[in-house]
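Participant: mind looking at a prediction? Sequence and model below.
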Amino acid sequence: MFTELVILEEIGEGRFLGAATPDKGARTFGGQFLAQALRAAQHTVSDDRDVQRGQASECNT
C-alpha cells in the first residue's frame, strides 16, 4: 500500500501530484509527505545524483 502512495502524477514541468492516504480522507501525514517530496526530487535530477542529507520538522496547522 505505501508504494502506491509515492507514485506521483506529473502535472507540469517540475510539478507533481501525490495521493492522500486512502483511509484518512484528504489528509497526508509527515512520513508520506516527505517520501512524496523525495520522490518528486528524484524525478527532477539526473540518475547519478544521490540524496546527501535530509531534514524534517513537524508542523501543525
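Facilitator: Cool, got the structure.
Participant: going by C-alpha atoms from here, please, whenever you check contacts or count neighbours.
Facilitator: Noted.
Participant: point out where this structure drops to low pLDDT.
Facilitator: When residues are selected by pLDDT under 70, those of the chain lie in 1, 24, 56-61.
Participant: helix or strand: which one has the residue nearest the centre of the chain?
Facilitator: Central residue of the chain (CA atoms, centre = their mean): residue 36, 0.9 Å from the mean position. Assigned by DSSP states H and E, residue 36 falls within helix 30-43.
Participant: cool, residue 10 as well?
Facilitator: strand 8-12.
Participant: which elements pack onto that strand?
Facilitator: For strand 8-12, the elements it packs on are strand 15-18, helix 30-43, judged by 3 or more CA pairs under 8 Å, 6 or more residues apart in numbering; DSSP states H and E.
Participant: out of the ones you listed, which comes closest to residue 54?
Facilitator: With CA to CA, the closest approach to residue 54 among the helices and strands packed on strand 8-12 belongs to helix 30-43: 9.2 Å.
Participant: let me know the angle separating the closest one from strand 8-12.
Facilitator: 60 degrees (axes from the mean of the first three to the mean of the last three CA atoms, to 10 degrees).
Participant: wait, residue 26 touches residue 18, no?
Facilitator: No. Residue 26 lies out of contact with residue 18 (CA atoms under 8 Å); the separation is 11.0 Å.
Participant: give me the more crowded residue out of the two.
Facilitator: residue 18 (19 against 9; other CA atoms under 10 Å).
Participant: residues contacting that one?
Facilitator: Residue 18 is in contact with 5, 6, 7, 8, 9, 36, counting by CA atoms under 8 Å, 6 or more residues apart in numbering.
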